[in-house]
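Undergrad: Okay, structure incoming, though there's no sequence with it:
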């Protein structure tokens, strides 16, 4: 909002003087008229600043002119002169600043500058304007997007047209580390709604990030007011999985199996992964039955849990042993969606297949379907690893992990949309996007559309806006106001990052999002540089509510 004020209603009284002279003292002299200038329609004006035009009505009995005392261009004055009563307009041009600033306007009255000033102030909570930068040709260079580290209200414009209004609330700090912790601690937040009472539950890792899973007791908090305040809890309430229409919930069972405990068949390939690990590959249907398929947790309406060992129908599927220790994945990683016909579709990684030459291709993302609440699964479709050599010059070096960490959403028009990570030990690399118009059977050629990103998360709001959260470096939100994911906004930056520093210096980059209303959602994320009460930088877990609305034209 803009506040326009005149400090001492501008006025000049040249001699209030002229006395009514007693008879005989006038000598025929004229009474000198008092000069004055004032803004009639208020000394303080509050108005939105998106291309704002504000008319100022002037009461004066002299020749006046209003002019700027600064060279800044964000305020323009039109018809800012007149003789006696009149008006002029203040036009507030688009503005990319969210910090407080002001501009001084001066007044000439009958050719003489008067001492009072008109001051235009923009506060830090003002609604700003952001004109899209269109970084398509800068994909090889990571660029900072829209600074949104604190409370931010913004009108987003594309080609001069306002398309979105975005409001980011002040971050809420949920947990702060009491000491310095290494990688894995105060990271990897997860947020979901409790099945029992619809409260929000937020958890995060409190253990070393290593092969075999996170073993420490996680941080746990709950909120009953949509994330404004949080309280500690000792156990994690039921939720976070896929809730089916009959009240049954299913979720991945996080477990691995030690390879040394298995009687494994002959391997068919050895792959070198970019982070330095070695993968020994085996045909899925030749493995011991106990490590074929996958394991899920299933809860009934009463919260009773059972473990499901679900078979997979997927010819050519390959499993691998990671660094001679664990056979992976009997756990899937990826999103699950319930379709209107009652079936379940999931898009998961890492999935390997034997090729026609007897080797193993880099990992793809596979889509599986279950028609019996997860008791068995069959292959539906896949997105083979196909990199773009122009935007992704390290693509050819990915011999093991190709696509990883897929985000999968079923859009309101029935389209399946998938966003794919490639960032790995080779450095920051693009996220790709692919879509399916036949419920996941066939997929479009993956196209890179960001310079970097890990653990993308997709959410379509009830108002149709599509949300994408991802991180590294920093942490970003992007929006697709057409609801199709064909074009995206510039990134909204939630965590600042410095060029040249490690992409994991400021945050783990793993966001989670959950809907809070038809036009709003919460994002949970880690901040590695939060100033604690004594000024020392510590790791912290934060949440923020964001509201986003399309501006209809």
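TA: Looks like it came in fine. These figures come from a predicted structure and were not determined experimentally.

Undergrad: Near residue 338, how many other residues are there?
TA: 16 (other CB atoms under 10 Å). Placement of C-beta: from N, CA and C, glycine included.

Undergrad: distance of it from residue 309?
TA: 21 Å (CB to CB, to the nearest Å).

Undergrad: what do you get for residue 405?
TA: With CB to CB as the criterion, residue 405 and residue 309 are 25 Å apart.

Undergrad: A strand includes residue 396, no?
TA: No. Under DSSP: H, G, I helix; E, B strand; the rest coil, residue 396 sits outside any strand and is assigned helix.

Undergrad: Just give the closest residue to residue 151, not the sequence neighbours.
TA: residue 170 (4.3 Å; CB to CB, 6 or more residues apart in numbering).

Undergrad: scratch that, residue 368 is what I was asking about
TA: Per CB to CB, 6+ apart, closest to residue 368 is residue 377, 4.3 Å.

Undergrad: For the one you found, what are phi and psi?
TA: Dihedral angles phi and psi of residue 377 (degrees, to the nearest 10) take the values phi -140, psi 150.

Undergrad: That one pairs with what?
TA: residue 312 (DSSP bridges).

Undergrad: let's have the chain start at 7 instead
TA: Okay, residue one is now 7; in that scheme the one you just asked about reads as residue 383.

Undergrad: That one reaches residue 317, doesn't it?
TA: Yes. Using CB atoms under 8 Å, residue 383 makes contact with residue 317 at a distance of 7.4 Å.

Undergrad: Between these two, tell me which one has more neighbours.
TA: Higher neighbour count among residue 383 and residue 317: residue 383, with 25 against 13, using other CB under 10 Å.

Undergrad: Just the local confidence number for residue 39, please.
TA: pLDDT for residue 39: 71.

Undergrad: distance of it from residue 116?
TA: On the measure of CB to CB, residue 39 and residue 116 end up 11 Å apart.

Undergrad: Looking only at neighbour counts, state which of the two leads.
TA: Legend: neighbour count by other CB under 10 Å for residue 39 and residue 116, higher for residue 116 (16 against 11).

Undergrad: So for the more buried one, what's the pLDDT?
TA: 91.

Undergrad: Chain neighbours aside, what residue packs nearest to it?
TA: Residue 116's closest residue in space is residue 68 (CB to CB, 6+ apart), at 4.5 Å.

Undergrad: List the contacts of that neighbour.
TA: Shown in contact with residue 68 (CB atoms under 8 Å, 6 or more residues apart in numbering): 41-43, 89-90, 115-116.

Undergrad: and which of those residues is nearest residue 539?
TA: Using CB to CB, residue 43 comes nearest to residue 539 of these, at 52.4 Å.

Undergrad: Tell me how many other residues surround the residue lying closest to residue 384 once chain neighbours are set aside.
TA: Ranked by CB to CB, 6+ apart and with sequence neighbours excluded, the top spatial neighbour of residue 384 is residue 319, at 4.1 Å. Residues lying near residue 319 (other CB under 10 Å) number 12.

Undergrad: Ok, residue 43 next?
TA: Going by other CB under 10 Å, the residues that sit close to residue 43 add up to 23.

Undergrad: tell me the pLDDT at residue 540?
TA: Looking at residue 540, the pLDDT reads 80.
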